[in-house]
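1. With the sequence up front, the predicted model follows.
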Amino acid sequence: MKVATNSVIKPEFEPAIELLLDDKGQCAGAILYNLDTEQFLVVRAKATVIATGGFGRLHIRGFATTNHYGATGDGLVMAYRAGANLKFMDSVQYHPTGAVYPEQIAGFLITEKIRGAGGQPLNKNGELFVFPREPRDVESAAIIRECSSERNNGVDTAAGRTGVWLDSPIIDMIHGEGYTRHQFPGMCRAFDRYGIDITKQPMLIYPSLHYQNGGVEINERCETNIPGLFVAGEASGGVHGRNRLMGNSVLDYNVFGRRVGRQASEYAKSAKLGKLSLDHVTAYAGEMMEQGIDSDLISPVILPSYTPEDVRLQQLARLGNIPARHSILRSRIGCGCGKGKEGK
């Protein structure tokens, strides 16, 4: 534990693993797990805020991701098991230009400003197959189609990845030598580390899992259908509809981050908690049994499949030859792939 100067206790290396409810159905805190001592910590709270971000590091259907390593959807799962309503879970945004090569930065976000400055997506034949500045979903879909077996116009890497070229050298041809390094110094440095000069060589790209448009349903005060549970940021669903615009996540966090803090603190002033309970966890397991869902998955499968079968097979193979009909999560926890049922 680390105690701040304002006497607020900040648990370190103690992630939340389950929400607590009381006997009145209110959210009453969470169970934390100490990674060092392997002990559980009961935290009683009059107001609980989930701001756990997205789930990109689950690598849904094998896609690389732009997300940080903590983006594993924990908040979604905890809220779901507690009875929170989810919204737009069929909607995931893929950034059209994620790095495919070198392998060390697979999924790395290549800013749309590259295309805005004149960069063009080209297939293995050097053909421009889509307008460079389409909306993210349109651009991503076009790249996936180009790499599918029907067209077979993708460029394969030695590591088994597939992508298309992003013609970055053309930017200096349009704006003059030195423009790319002046406007995109961070992007240049990222590739310079691996001996790639993006002012002379194109980048190999493929859509990267970027942002979950869906999440826990909230109202304008960040409240969920569970009293005392608030959600903000990417863990919430529906703020951006089904297709977020570039840059709007920052606006989202600034607006709802401030709002959720105020609303939660105001709620806590008058909230009264009853007896703590984990009955909802038992009830969730019972519902699974009643529905005949015999699964060895630790978390519920609440996400759909997006990619064509052949592309999905290629993507899954990149994570270690994982069978396409079995989940990444199951394979990672070492369970038998022949057990259980897949969610749709």
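-> Structure's in. What do you need?

2. can you pull the contacts of residue 70?
-> 52, 53, 57 (Cβ atoms under 8 Å, 6 or more residues apart in numbering). C-beta here means a position set from N, CA and C on the backbone, and glycine is covered the same way.

3. Pretty sure it sits in a strand.
-> No. Applying DSSP: H, G, I helix; E, B strand; the rest coil, one finds residue 70 to be coil, outside a strand.

4. before we move on, back to that, which single one of the contacts of residue 70 is nearest to residue 77?
-> Set against residue 77, the nearest of these by Cβ to Cβ is residue 52 (9.5 Å).

5. In three-state terms, how would that closest one be classified?
-> What three-state DSSP gives for residue 52 is coil.

6. Who's the closest spatial neighbour of it, skipping the chain neighbours?
-> Among residues not flanking residue 52 along the chain, residue 75 sits closest, at 3.1 Å (Cβ to Cβ, 6 or more residues apart in numbering).

7. Confirm that neighbour sits in a helix?
-> Yes. Assessed with three-state DSSP, residue 75 lies in a helix.

8. what about the stretch 1-150 of the chain, any weak spots by pLDDT?
-> Applying pLDDT under 70 to the stretch 1-150 of the chain flags the ranges 1-8.

9. For the contacts of residue 70, give me a markdown table that also has distance to residue 276 and neighbour count.
-> Output for the contacts of residue 70, formatted as a markdown table (distance: Cβ to Cβ, whole Å; neighbours: other Cβ atoms under 10 Å):
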| residue | distance to residue 276 | neighbour count |
| --- | --- | --- |
| 52 | 22 | 24 |
| 53 | 27 | 24 |
| 57 | 31 | 17 |
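
10. longest strand anywhere in the protein?
-> Counting residues, the longest strand found in the chain (DSSP state E) is strand 203-212.

11. How far does the next helix or strand after that strand sit from its chain's centre?
-> On the C-terminal side of strand 203-212, the closest following helix or strand by DSSP states H and E is strand 215-217. Mean-position distance between strand 215-217 and its chain equals 14 Å (Cα atoms, centre = their mean, to the nearest Å).

12. Strand 215-217: partners in the sheet, and parallel or antiparallel?
-> strand 86-87 (antiparallel), strand 236-237 (parallel) (DSSP bridges).

13. Name the stretch among these that sits most buried.
-> Mean neighbour count (mean count of other Cβ atoms under 10 Å) peaks for strand 236-237 among the strands paired with strand 215-217, with a mean of 24.

14. Many thanks, have a good one.
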